[in-house]
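Undergrad: predicted model follows, preceded by the sequence.
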Amino acid sequence: SGLTHLLHWPLTPGDGGDLLASTSPQTSTYHLRSPAQTSYALGGYLEAILIARDHQGRPKAHGGDLFRAQLLGPDLKAGVPGDVTDLENGTYLLTLPLLWAGQAQVQVRLIHSSEAVRVLRGIWRDQWATVDFTGYFRGPTGYEETVTCNVNPLLIGEEEGTCHYRDEDSGELWFCARPPTLPCDSLVGHSSGRYWNVTTPHEEALLARNVTNKTLPQGIPPIWVAQENNRSLVLSPPQPCHPGIPAPRPSGFYHQNVWHSLSCSGRSFSTADSILGCLAGRVVHMMGDSTLRQWWEYLRDTVPALKPVDLHAMYHTGPLMAVDTARAIVLHWRAHGWPLRSLRTPVAALHSVVRELGGLAGGPYTVVVLSLGAHFTTFPPSIFVQRLAGVRAAVAALLAREPRTLVVIKLANTGYKSVYGSDWFTLQVNRLLRAAFADLRVAFVDAWEMTSSLALPDSIHPGRCVVRNEVDFLLSHVCPT
């Protein structure tokens, strides 16, 4: 029941059969809540009312749309996410914090109509999966057989039987169809399989590009925010960054392409030497998906002294390692194990996060970074919740045996816009991530906000500017002062 409450989203009435009755980005409008001012106070808020309308211009009578609001300062390379409150009657309250002096411009996008969200929610709750995987079995002579694998034995569709795999450390389960002649214990390889067709043509029209992630017509002219006591920015709090700080909303903003945290005094690590000085003596264990591999790649590419070591592994799944022997720095990254959409990779290299955490002694020189989410949007929430329960217990045990260990959770970023992975799914995934680790002394890097604050196109793999700011915020927790 707690899960249902956590994942609450307004229901969409009707059967969604009329495409013209779905929310339209062309006809939906927004306007200032109160009369426009010649200038606004730094540190205040701008409020606007958004009226959702259908393709014939009729106001909607219910909520459930996924809108995204931003306040942008293009000339200042500034941006902040706005808060969108669904009043559940077809109108939405937009609240945009005024965090820099100068020009600011409201931008609102319809990510998905409520009718599209209904499709996504139905698939998420009722479909056991929207993808499958391939398992590669090898006999003693090198002869191979390939079969379908998945998170649930009922998804494999084989009458002859199923091979069950249970991770000893985490209890995580995996299933493959029984190969024609080879035994279950001869599974050696894993890769992505097929994306299943789970939508009708009508549902595909609701999720089509022409109505997804579209900017609404400009409803508010640019505004001017005045300086206050010669200050042109709202300052970060003076407290150094450390795990367990509650996250404000928004958690920060960009100015001159630099992320300014509103939870703690984030630092900038603009040179290779500053990064090396911070990481000296540290062993960093990154476990997760390719959005976290980008952090490893950024450090490898930015700091020449961090030399990658060829472990002869599959690059896309790892393990990857870079070292600076002079300063005793070790950077590890590896994929989080099943379910993982990937090129063919050895099964033996797919370690569960729980298994990896269980093997760490921890301590003041140990940094653990976890990123889970993007590969779980093709399954019902129960699969992710089970995984999170195991990972949470392993993190709690690590912090109990060595409280000085730094554990950082990277939230999932914006980017995907399809039935297999969508910002609506990601929003739910991040709610679950925050709830799972809320009572532990961990730090969060809010990649959702950091990837949705600037006037950049959404990408599941954001560009260097965003990754640099994410890594700087990680390093602000490693070296708070």
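TA: Alright, I've got the coordinates. Residues are numbered from 1 along each chain as shown.
Undergrad: residue 421: what's it in contact with?
TA: Contact partners of residue 421, counting by Cβ atoms under 8 Å, 6 or more residues apart in numbering, are 374, 377, 378, 415, 460. The C-beta positions use only the backbone N, C-alpha and C, and glycine is treated the same way.
Undergrad: just give me the closest of the residues you listed to residue 76.
TA: For residue 76, the closest of those turns out to be residue 415, at 24.6 Å, with distances computed as Cβ to Cβ.
Undergrad: so the closest one makes contact with residue 457?
TA: No. Contact between residue 415 and residue 457 fails when scored by Cβ atoms under 8 Å: they sit 9.5 Å apart.
Undergrad: just to revisit the earlier point, can you list the contacts of residue 421 in TSV and add pLDDT, neighbour count and distance to residue 21?
TA: Conversion of the contacts of residue 421 to TSV gives the following (pLDDT from 0 to 100; neighbours: other Cβ atoms under 10 Å; distance: Cβ to Cβ, whole Å):
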residue	pLDDT	neighbour count	distance to residue 21
374	89	24	32
377	89	25	27
378	90	25	29
415	82	20	29
460	88	17	31
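Undergrad: now the residues you listed as CSV including distance to residue 123 and secondary structure?
TA: Converted to CSV, the contacts of residue 421 look like this (distance: Cβ to Cβ, whole Å; DSSP: H, G, I helix; E, B strand; the rest coil):
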residue, distance to residue 123, secondary structure
374, 17, coil
377, 10, coil
378, 9, coil
415, 18, coil
460, 19, coil
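Undergrad: between those residues, which is closest to residue 44?
TA: If you rank those by distance to residue 44 using Cβ to Cβ, residue 415 comes first, at 31.4 Å.
Undergrad: identify the residue nearest that closest one in space, chain neighbours excluded?
TA: Beyond its immediate neighbours in the sequence, the residue positioned closest to residue 415 (Cβ to Cβ, 6 or more residues apart in numbering) is residue 460, lying 3.3 Å away.
Undergrad: pLDDT-wise, which helix or strand of the chain ranks last?
TA: The least trusted helix or strand in the chain, going by mean pLDDT, DSSP states H and E, turns out to be helix 2-6, with a mean of 69.
Undergrad: which is the next helix or strand following that helix?
TA: Heading C-terminal from helix 2-6, the first helix or strand you meet, by DSSP states H and E, is strand 29-32.
Undergrad: who's in contact with stretch 136-143?
TA: Contacts of stretch 136-143 with the rest of the structure, by Cβ under 8 Å, 6+ apart, involve 144-147, 179, 181-182, 186-191, 344.
Undergrad: and what of stretch 454-463?
TA: The contact list for stretch 454-463, computed with Cβ under 8 Å, 6+ apart, reads 70, 72, 74, 77, 79, 107, 213, 254, 257, 290-291, 294, 374, 413-417, 421, 423, 450-452, 465-466.
Undergrad: same question for stretch 109-120.
TA: Counting contacts by Cβ under 8 Å, 6+ apart, the residues outside stretch 109-120 that touch it are 9-12, 16, 21-25, 28, 52, 60, 62-70, 199, 203, 206-207, 211-216, 417, 419, 422-425.
Undergrad: and that stretch, end to end?
TA: End-to-end distance for stretch 109-120: 18 Å, by Cα to Cα, to the nearest Å.
Undergrad: elements contacting the helix or strand containing residue 473?
TA: Per DSSP H and E, residue 473 falls inside helix 464-478. On a contact count with 3 or more Cβ pairs under 8 Å, 6 or more residues apart in numbering; DSSP states H and E, helix 464-478 meets strand 258-261, helix 272-279, helix 290-302, strand 406-410, strand 443-445, helix 447-450.
Undergrad: between that helix and helix 290-302, how many degrees?
TA: 90 degrees (axes from the mean of the first three to the mean of the last three Cα atoms, to 10 degrees).
Undergrad: what about helix 464-478, distance to the chain center?
TA: Distance of helix 464-478 from its chain centroid, counting by Cα atoms, centre = their mean, to the nearest Å, is 15 Å.
Undergrad: could you export that helix as PDB, CA atoms only?
TA: Listed in PDB are the C-alpha atoms of helix 464-478, where the atom choice follows Å, rounded to 0.1, in the frame of the first residue of the first chain:
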ATOM      1  CA  ARG A 464      30.000  16.700 -21.300                       C
ATOM      2  CA  CYS A 465      28.600  19.900 -19.600                       C
ATOM      3  CA  VAL A 466      26.000  17.900 -17.600                       C
ATOM      4  CA  VAL A 467      28.400  15.000 -16.800                       C
ATOM      5  CA  ARG A 468      31.000  17.400 -15.600                       C
ATOM      6  CA  ASN A 469      28.600  19.000 -13.100                       C
ATOM      7  CA  GLU A 470      27.400  15.600 -11.900                       C
ATOM      8  CA  VAL A 471      31.000  14.500 -11.300                       C
ATOM      9  CA  ASP A 472      31.800  17.800  -9.600                       C
ATOM     10  CA  PHE A 473      28.800  17.200  -7.200                       C
ATOM     11  CA  LEU A 474      30.100  13.700  -6.500                       C
ATOM     12  CA  LEU A 475      33.600  15.100  -5.700                       C
ATOM     13  CA  SER A 476      32.000  17.800  -3.500                       C
ATOM     14  CA  HIS A 477      30.900  14.900  -1.200                       C
ATOM     15  CA  VAL A 478      34.300  13.100  -1.500                       C
END
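Undergrad: in that helix, which residues are buried?
TA: Counting neighbours by 16 or more other Cβ atoms under 10 Å, one finds that the buried residues in helix 464-478 are 465-478.
Undergrad: again, but for stretch 420-432
TA: 421, 422, 423, 424, 425, 426, 427, 428, 429, 430, 431, 432.
Undergrad: between the contacts of stretch 136-143, which has the most around it?
TA: Neighbours here mean other Cβ atoms under 10 Å. Within the contacts of stretch 136-143, the largest count is held by residue 190, at 27 neighbours.
Undergrad: all strands of the stretch 251-400 of the chain, in order?
TA: Assignment of strands within the stretch 251-400 of the chain using DSSP state E, counting those that start in this stretch yields the ranges 252-255, 258-261, 283-288, 307-309, 320-324, 329-335, 345-346, 366-371.
Undergrad: contacts for the helix holding residue 473 next, please.
TA: By Cβ under 8 Å, 6+ apart, the list of residues contacting helix 464-478 reads 241-243, 254, 257-259, 261, 264-269, 275, 278-279, 282, 294-295, 298-299, 302, 367, 369, 406, 408, 410, 443, 445, 447, 450-451, 454, 456.
Undergrad: ok, of those residues, which come out buried?
TA: For these, a neighbour count by 16+ other Cβ under 10 Å gives the buried set as 241, 243, 254, 258-259, 261, 264-267, 269, 275, 278-279, 282, 294-295, 298-299, 302, 367, 369, 406, 408, 410, 443, 445, 447, 450-451, 454.
Undergrad: and stretch 398-406, how far apart are its ends?
TA: Counting by Cα to Cα, the length from the leading to the trailing residue of stretch 398-406 is 10 Å.
Undergrad: still on that earlier bit, and the contacts of residue 421, which two are furthest apart?
TA: The widest separation within these, taken as Cβ to Cβ, falls between 378 and 415 and amounts to 14.8 Å.
Undergrad: how many neighbours does residue 178 have?
TA: The local packing of residue 178 (other Cβ under 10 Å) involves 18 other residues.
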